[in-house]
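A.B. asks: Just the structure for this:
(one chain, ligands or ions: 1)
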Amino acid sequence: MGGKLSQTLPDPAAVPLFRQAAIPVVIVTGFLGSGKTTLIRDLLTNGGLTDTAIIVSEFGEIGLDHLIVREVGDQIVLLENGCLCCGQSGDLAQALRMLLEESERGGIPPFARVVIETSGLADPLPILQTFLADPLRFSRYRPASIVTVVDAVLGVGILASHDTARRQLALADHVIVTKLDLPAADLRGTTAAISGLTDTGMFHSGRDTLPWQEFFATIPSGIGNVSMEGLQPHSQLYHTRSARIETDLDPVHLSRWIARLTGQHGTEVLRVKGLLPIVGEERPVILQMSRHLVHQHQRLTEWPEARRQGFVTIICDGATPDLPAHLINALDLVCH
Ligand SMILES: Nc1nc2c(ncn2[C@@H]2O[C@H](COP(=O)(O)OP(=O)(O)OP(=O)(O)O)[C@@H](O)[C@H]2O)c(=O)[nH]1
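C.D. replies: Next up, the predicted model:
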């Protein structure tokens, strides 16, 4: 088990620099829409994540997550159009360095911990490798746990069909199951699917009583114990398209578009995110869909940069390269 991994990565405990009092970095991963941003936002709101800087990496040209997290915290760095596992390690290093520089010059409050939210399509292994392969470069930081979020409504199907989701789980130190409040949640099935894929991750159902402090106190334990045999990184291609929205959307037209999307394309469309200007709505409306699941619309308190301009991002699986653009055209936006 895990022979290849343990040969290519040093044991984190054996890297002398990681034993020093370095800033612990927790990696929060999980498939598209599983609830990573919601988890981080909740922890920031409820005081579970004090003194913590957040790095957000998102798949797609226009990001939403940093806007949602920024409403409740101010130490946030967005890695644009990020897939941290595909050669963005330089960006990650730069973001980590920038956080230190900013806090030293008083631009952001001092911080004692870092959380990296990976994109929903990221493989956490290369991110971890970045730390472990170059401890000198990252000497002010040390990797702590990998926390993998799994959605109790769609998780079973996603784990069955996406190697990326299985790789995210294989490296987990902690697994958090979300969306248990939804009627379609299947805790038993999700638990069975998870336990068939990882035996290292500590299991948490729901977000209420998470031992969050412990997440920072440890080092990643999955390395060397996990088997990723047969799980290809990015074996599936994903396609994404974003568009800015300059004029208000008609709510009836929007509802029809959502219904068509869920009715006809609920399996190919993996994720839809948007910040929408809607006729009759003063505040920006957040559109969140995972496959056919449409989440309750929430609102941001104000428009980013005080400008009433929205966007929509669509991510589809590899079988349908033209679908994101086609769906955006169907929304009939006045966009650029
Ligand atoms: N009802 C319910 N909704 C949830 C829960 N967790 C997340 N959601 C909703 O699921 C949608 C996606 O959640 P996010 O937190 O944005 O998911 P994510 O993993 O950050 O998504 P990506 O960054 O696109 O991979 C949002 O509309 C959330 O409000 C939960 O526990 N219960």
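
A.B. asks: Tell me where the stretch 151-300 of the chain has helices.
C.D. replies: 155-161, 163-170, 187-195, 212-217, 251-265 (DSSP state H, counting those that start in this stretch).

A.B. asks: Not counting its own residues, what contacts the longest one?
C.D. replies: When you say that, I think you mean helix 251-265. For helix 251-265, contacts defined as Cβ atoms under 8 Å, 6 or more residues apart in numbering pick out 269, 272, 276, 278-280, 287, 289, 292, 294, 316, 320, 323, 327, 330-332. Glycine gets a C-beta too; all of them are placed from N, C-alpha and C.

A.B. asks: give me the element the residue lying closest to residue 323 once chain neighbours are set aside is part of.
C.D. replies: Counting by Cβ to Cβ, 6 or more residues apart in numbering, the nearest residue to residue 323 once its immediate chain neighbours are dropped is residue 316, at 4.6 Å. Secondary structure assignment for residue 316, by DSSP states H and E: strand 310-317.

A.B. asks: Report the separation between the residue nearest to residue 189 when sequence neighbours are not counted and the ligand.
C.D. replies: Sequence neighbours aside, residue 156 is the residue nearest to residue 189 in space, at 4.9 Å (criterion: Cβ to Cβ, 6+ apart). Here the distance between residue 156 and the ligand works out to 16 Å (Cβ to the nearest ligand atom, to the nearest Å).

A.B. asks: got a list of what residue 156 touches?
C.D. replies: Each residue near residue 156 by Cβ under 8 Å, 6+ apart is listed here: 186, 189, 190, 193.

A.B. asks: where does residue 131 fall, helix, sheet strand or coil?
C.D. replies: Per DSSP: H, G, I helix; E, B strand; the rest coil, the secondary structure class of residue 131 is helix.

A.B. asks: now swap in the one 4 residues further on and tell me
C.D. replies: Applying three-state DSSP to residue 135 yields a three-state assignment of coil.

A.B. asks: so how many other residues sit close to it?
C.D. replies: As a burial measure, the neighbour count of residue 135 was computed by other Cβ atoms under 10 Å and equals 18.

A.B. asks: Would it be right to say that residue 73 lies in a helix?
C.D. replies: No. Secondary structure assignment places residue 73 outside any helix; it is coil (three-state DSSP).

A.B. asks: For residue 53, give the beta-bridge partners.
C.D. replies: When assigned by DSSP bridges, residue 53 has beta-bridge partners residue 114.

A.B. asks: Residue 293 now?
C.D. replies: For residue 293, the residues forming beta bridges with it (DSSP bridges) are residue 290.

A.B. asks: That one: what's it in contact with?
C.D. replies: Contact partners of residue 293, counting by Cβ under 8 Å, 6+ apart, are 33, 153, 154, 184.

A.B. asks: Please list which of these are also close to the ligand.
C.D. replies: Counting by Cβ under 6 Å from any ligand atom, the subset of the contacts of residue 293 that neighbours the ligand consists of residue 33.

A.B. asks: In PyMOL, select just the buried ones from the contacts of residue 293.
C.D. replies: In PyMOL syntax, the buried subset of the contacts of residue 293 is picked out as below (16 or more other Cβ atoms under 10 Å):
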select buried, resi 33+153+154
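
A.B. asks: quick one: which of the contacts of residue 293 is nearest to residue 160?
C.D. replies: Distance ranking of these against residue 160, using Cβ to Cβ, places residue 154 first at 10.5 Å.

A.B. asks: Double-check that closest one against residue 290; I have them as touching.
C.D. replies: Yes. With contacts counted by Cβ atoms under 8 Å, residue 154 reaches residue 290, the gap being 5.9 Å.

A.B. asks: Would you mind grabbing the residues shared as contacts by these two?
C.D. replies: residue 33.

A.B. asks: Contact residues of the protein facing the ligand?
C.D. replies: Counting by Cβ under 6 Å from any ligand atom, the chain comes close to the ligand at 30, 32-38, 58, 65, 120, 178-179, 181-182, 271, 288, 295.
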